[in-house]
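K.L.:
Need a 3D model of the following:
(2 chains)
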Amino acid sequence: MERIAERIKVLQVEDIAKDFGKTLRIGELEIALFRLKNGEFYAIENRCPHKGGVLVEGMVSGQYVFCPMHDWKIDVTDGKVQEPDHGCVKTYDVEVNGNDVFILLK
Amino acid sequence: MKKNRLVLIGNGMAGVKTIEEILKISKEKFEITIIGEEPHPNYNRILLSKVLQGDTTVEDITINDWSWYEENGIRLITNEKVEHICTADQTVTTNAGTVISYDELILATGSQPFILPIAGVDKEGVTTFRDIKDTDEMLKASKTYKKAAVIGGGLLGLEAARGLLNLGMQVSVIHLGKSLMDRQLDATAAELLKEELEKQGMRFLLEKNTTEILGGERVERLCFSDGEELECDLVVMAVGIRPNVELAQSTGLWVNRGIIVSDYLETNIPHIYAVGECVEHNHITYGLVAPLFEQAKILAKKICNVETTPYEGSVTFTQLKVSGVEVFSAGEFIEGDDKKALKVLDEQDGIYKKLVFRNNQLVGAVLFGDSQEGNRLFSLIKKQADISDTAKISILQPIGGDSGENLVASMAADELVCGCNGVSKGAIVQAIHEQGCTTVNQIKGCTSAGRSCGGCKSMVSDLLELTLGDSFDASAQKETMCSCTTLSRDEVVEAIKEKGLMHTREVMNVLNWNTSDGCSKCRPALNYYLGMVYPTEYEDENESRYVNERLHANIQKDGSFGVVPRMYGGVTSPDQLRKIADVAEKYNAKLLKVTGGQRIDIFGIEKEDLPKVWEELDMPSGYAYGKTLRTVKTCVGESFCRFGTQDSIGLGIALEKRLERVGTPHKFKMGVSACPRNCAESGIKDFGIVGVDGAWEMYVGGNGGTHLRSADLLGKVSTAEEVIEYASAYFQYYRETGIYMERTSKWLERIGFENIKVVIDDPKQRRELNERLNVALTVHDEPWKKIINSPKLRNELFEKVEVH
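P.N.:
Numbering: from 1, shown residues only, chains lettered A, B, ... in the order given. Predicted coordinates:
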C-alpha cells in the first residue's frame, strides 16, 4: 500500500504561466512542474531519459513536453516517451488547493 | 460627374493600345467611341505574314475581340469611315452620316501601302500586303496561280515572299536597291540573307526598276527599265507605306509626311491628338510597332492628365519573321565617321554579328543566323550603355550563353524580353511570382509580352521554365509543415494572409490541425510566420519559442547557459572586456571562449543568474541563440590593414545595427572583408561582402556549416549605403519567402538564385522590401533590458523553487 511521505507546498498557481514549466529543487531531487493550457499541473523528473536534458525548458504542447536537447516527446501525465523513441520518466502527483500548489512525494 | 467623350478614329494597334493604356489609368474617366474602317476588331497586323505563311490563323492574331469592347463599355463602329471633323462643334461625321461629339479626339488613321505610280496597277492579281483582305486575296490566288512577283525586298516583301513560297508558288522578289533590307542590314548581312532565301527557293532580281504591269484583265508580266520582263500572275507590292493624312489635311491639321505632333502627341488643334503610323514626330515617321506603343503610353497619360515624360523619338529594331532565318537589326547599324564596328563572321555556320560603337557606347547592331542576343543588345542600345568595363566580345556571346535557357538566366532584370511592348525580364518574373502566371498566354495577358511580333515567345517560355522549374518540383513533392498538418508552408502562409488568422491556435483550428496543440515544429514556425505577416499586430508567443529564444541565452547540455553580448562588427573595448571578466568571475563561468563569429561567449551561467549577468554586463544581447541576424564578422579594413581598400568595420557595424533582432526563418550570418583576401570569410556567409577598389561585391547563400556552400555573387555596388539597401532587401525577401528552419543556402537553391537576383536588382522591389523591413524593425526591443525591468518575467522564466 502506498503511503504519502510528504506533501510539499511549492508555489502559487500564478507563479507559472500556462504552457510553461518551473524547476523545483527538493533536496537532491530536481522536478519539472508544468502548468498546461487547460490549467492542470503535472510534475515529472527534470531529466530526459535520452541524454539527461532539462525537460523543464522544453516546449509544452497540450499534455506533451518536447525535450530542448533532441526533441524527444514526453507525455507529462504519465511520463511515457512517445514514438518513435522509447522510455519513461518518473512522475509526481500534484495537488492544487485554492491558490497553492503541492507536490506529493511517496 | 459627367464623363468626357473620347473618340478614336482608327481601330488599329496604336489607337487601341492608347485606349488600353487609358483604361489602365482610369476606367471611369471617359466615354469611349472607336471608329474603324475594317470590319474586324483590332488585330495584330504584324502577324499577318505568319497567317500567310500558315503558322497561325486570323483568330489567333486578334488582340481585342468583340467582348473586350463590350466589357470596357466601348462603343465600336466598324465599316464606317470618318469623312469630316468639325473642330468648332467638336464632332466627327462618318460616310454613313453618323455624327459623334467629342471632348478629346485621337487620330490613329495608320498608313497605307505605297502603290508605285506605274501603269497596270489596277489589274486583277495586283495586291498590297497590309490587311486581312490582302492576305485572303493572296491565299486565294495561290490556289489557282503559280508565279508570284513581290516588288520590294524589304522586311514586308520578304515576309510576303516566304508566305507565298509556303503556299506552293514560285516567287521572285524584285528590288530596286543593291541589297535586300537595305534600311536594316549592311551588305554582308544582306548577302547572307539572300543566299539563305535562295536556298529556300526564292529568286531575286536586284537593281530592277519596275516600269509597267502588263496583261489582260489579270496581270501577266512585269516590265523593267532595262527592257527585261518577268512573267507572273500575282503581284504583291511591298515598297513601303505612306501615312494616312487626308482626313487630317482636310481638318486643317499641320501635315508634312505624317501628321505633325508635339512631344506629347498633340496636333496643332486643341483636343486633337494623333498617334501611330500616321504621325510625324521630329521629322520621323515610324512603321514599326514598338515606337507606336511608346507613343501610345505617353498619349494615354497626357490625355488622362497624368504626369509623363515627353516622347523623344524611338530607337528601333527589326526582326525578320521568316522561318529558318534569324535576322536582327537595331539602331545605327552602319559604321563610319565616328562609329566603329566589331564584327564576327562565321561562314561555316552562316553566322554574322556586328556591333557598332560610338566611343564606348553601343549604338547599333546587326545579327544574322543567330538573333537570340537581339533583345539584350537592343536594351543595351536603348540604355546607351557604356561598355568600356565589359569585354566587348562577351557582348557578342556571354559565357555559357549559347543555349536559350542560359540566355534568359543571364539576362539582367531590366533587360527587355519583349522589345515591342517594352516588357523586361523582371516584369515577367514578377508576373509569374505575384500573379501566378504559368503559361505564355497568361504572361501575355498580364504583361503584354509577346502580344505584338511574338518573337519573344520562346524567351518567355524559357523564363517560365526557369522560374517555375524549382517551385513546380517543390509542389509536386509537397513538403508539409509538420506531421500535425497536410499543408505546406506556402499554403499555411497563404491562409494566414487570406483568412486574417492572428494566433497560432487559430491557425491550427481553422486549418484543421490533427493535433490539438501542435508540436515543437509547427508552433515556432507558425509564431514566426504570423510575426512576419503581421509585424506590428501580432503578439509574439514566448511559449511557442525554443528555450534559447525564450530565455535569450544558449542552453548547454548540463542545463546551464552561455551568454554572448553584442559586440557590433566584432569590435570591443577595454571597458567591455573588463565587465565580461568581472561577470565571468563573479558568476563562476566555466569557460570563456571567442566564438566563430568574433564574439565572446561566457559559458556555464545558471538560469537564475542570467538577468543579473545581463544587468552587470550592461550590453545588448548578441542574439547568439536567435533565428535572426547573428553576427557581422569583419576584418580590420582600411584603417589598419595595408591591403584594406574599404572601411569594413564601419560597414559591418552599420549592417549589424540595421538588421539586428528582427526574426528570420533561420539564423543569418554576415561578413564584411575589405579586400579579396577575404579575412571575414564572406564567401561562406548568408550575406557576405568583399571590398574591392572603389566598390563592394555582395555574395549570397554561402554556408560554412553542415552543407558547405560557397556564396554566389549577387552584384557589385559602389557605396556602403547601397550595400545596406541590397542586404536589407535580400534579408527581407528571405524573411518573406523562406521556410522556417531553412537556411539561406537551401532557400536560394529552392527559389533559384536568378529569381532572387531579379527581385533584388529591381529598384522598385528593393525599395518596397526595405520599407516592409522598416516596419518589422519597429517592434523589436532589446530583450535583456526588457527582462531585467520586468519582475514578472524574471519570476516566471528564471526563478527556481528550492525546498530544503
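K.L.:
okay, CA-based contacts and neighbour counts for the rest of this
P.N.:
Noted.
K.L.:
Secondary structure class of residue B:741, three-state.
P.N.:
At residue B:741, secondary structure determined by DSSP: H, G, I helix; E, B strand; the rest coil is coil.
K.L.:
And it, how far from chain A?
P.N.:
To chain A, residue B:741 is 15 Å away according to C-alpha to the nearest C-alpha, to the nearest Å.
K.L.:
With adjacent residues omitted, what lies nearest to that residue?
P.N.:
Nearest residue to residue B:741, sequence neighbours excluded (C-alpha to C-alpha, 6 or more residues apart in numbering or on different chains): residue B:666, at 4.8 Å.
K.L.:
Just to be sure, that neighbour is in a strand?
P.N.:
No - assessed by three-state DSSP, residue B:666 does not belong to a strand; its assignment is coil.
K.L.:
what's the burial count for it?
P.N.:
Residue B:666: 20 surrounding residues under other C-alpha atoms under 10 Å in any protein chain shown.
K.L.:
show me where the stretch 601-750 of chain B has helices.
P.N.:
B:610-617, B:648-659, B:720-737, B:744-751 (DSSP state H, counting those that start in this stretch).
K.L.:
Identify the residues contacting the nearest residue to residue B:380 once chain neighbours are set aside.
P.N.:
Nearest residue to residue B:380, sequence neighbours excluded (C-alpha to C-alpha, 6+ apart): residue B:362, at 6.9 Å. Residue B:362 makes contacts with B:355-356, B:380-381, B:384-387, as judged by C-alpha atoms under 8 Å, 6 or more residues apart in numbering or on different chains.
K.L.:
Swap in 10 Å and give it another go.
P.N.:
Contacts here follow C-alpha atoms under 10 Å, 6 or more residues apart in numbering or on different chains; on that basis residue B:362 touches B:331-332, B:339-341, B:355-356, B:377-378, B:380-388, B:392.
K.L.:
can you tell me which of these are in strands?
P.N.:
Within the contacts of residue B:362, residues falling in strands by DSSP state E are B:331, B:339-341, B:355-356.
K.L.:
could you redo the residues you listed as a markdown table and give each row pLDDT, neighbour count and distance to chain A?
P.N.:
Formatted as a markdown table, these follow (pLDDT from 0 to 100; neighbours: other C-alpha atoms under 10 Å in any protein chain shown; distance: C-alpha to the nearest C-alpha, whole Å):
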| residue | pLDDT | neighbour count | distance to chain A |
| --- | --- | --- | --- |
| B:331 | 87 | 20 | 65 |
| B:339 | 87 | 19 | 70 |
| B:340 | 86 | 17 | 68 |
| B:341 | 86 | 18 | 67 |
| B:355 | 88 | 27 | 62 |
| B:356 | 89 | 25 | 65 |
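K.L.:
Is there a neighbour count for the residue nearest to residue B:425 when sequence neighbours are not counted? I'd like the number.
P.N.:
Spatial nearest neighbour of residue B:425, excluding adjacent residues (C-alpha to C-alpha, 6+ apart): residue B:413 at 5.1 Å. Neighbours of residue B:413 under the rule other C-alpha under 10 Å: 24.
K.L.:
which stretches of the stretch 351-500 of chain B aren't confidently modelled?
P.N.:
B:388-407, B:469-478 (pLDDT under 70).
K.L.:
of all of it, which residue lies closest to chain A?
P.N.:
Of all residues in the stretch 351-500 of chain B, residue B:484 sits closest to chain A, at 11.8 Å by C-alpha to the nearest C-alpha.
K.L.:
correct me, but that residue touches residue B:517?
P.N.:
Yes - contact criterion C-alpha atoms under 10 Å: residue B:484 and residue B:517 qualify, at 9.1 Å.
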